[in-house]
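Peer 1: Following is a predicted model, sequence given first.
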Amino acid sequence: MTMNVEGTVKNSDDVVKEEVPDAKGIKIQWLISDKDGSDRIYLRKFTMEPGADMTLHSHPDTEHVQYYIKGKVKLFMSSDEYDVEAGDSVFIPAGVKHKYVNLSTEEAIFLCMIPGGDTVTNLEE
């Protein structure tokens with residue numbers, strides 16, 4: 001990894017995968033955060049094993065912008081369901097309840113950008 005006041009460059013293979021709290025079979029990598037000098041935007045990479053499930057939750061002050069790289073995921077957002085797959089983009093407004101389930105037999109991967117700073121998570125189940 002290279003970091004200076006002019007930016008950061010690193011490979012996702014060099015970033016630790018952490019278990020996502022209140023989820024089954026999902027790992028998160030913090031690709032870009034305040035540790036890299038970013039105050040306004042964080043970039044995260046989620047990897048979902050087959051059968052992975054994330055608890056229904058919301059973030060009152062945090063919007064999400066996502067891009068799906070691999071696999072297929074059932075996204076529950078508000079009162080709707082979406083089949084999301086590689087190549088799809090998603091916007092989740094602040095305060096909207098959402099949940100992810102990997103119903104396929106292959107791994108699913110997506111990128112998620114959020115505003116920098118602390119994120120409050122409210123579990124809904």
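Peer 2: Arrived safely, thanks for sending.
Peer 1: Mind listing the residues bridging to the most centrally placed residue in the chain?
Peer 2: The centroid of the chain falls nearest to Cys112 when counting by Cα atoms, centre = their mean (4.2 Å). Beta bridges link Cys112 to Arg44, Gln66, judged by DSSP bridges.
Peer 1: residues in contact with it?
Peer 2: Neighbouring residues of Cys112 by Cβ atoms under 8 Å, 6 or more residues apart in numbering: 43-46, 64-66. (Glycine included, C-beta is placed from N, CA and C.)
Peer 1: can you redo these as JSON lines with distance to Val120 and pLDDT?
Peer 2: Formatted as JSON lines, the contacts of Cys112 follow (distance: Cβ to Cβ, whole Å; pLDDT from 0 to 100):
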{"residue": "Leu43", "distance to Val120": "19", "pLDDT": "98"}
{"residue": "Arg44", "distance to Val120": "16", "pLDDT": "98"}
{"residue": "Lys45", "distance to Val120": "22", "pLDDT": "98"}
{"residue": "Phe46", "distance to Val120": "19", "pLDDT": "98"}
{"residue": "His64", "distance to Val120": "13", "pLDDT": "97"}
{"residue": "Val65", "distance to Val120": "18", "pLDDT": "98"}
{"residue": "Gln66", "distance to Val120": "19", "pLDDT": "98"}
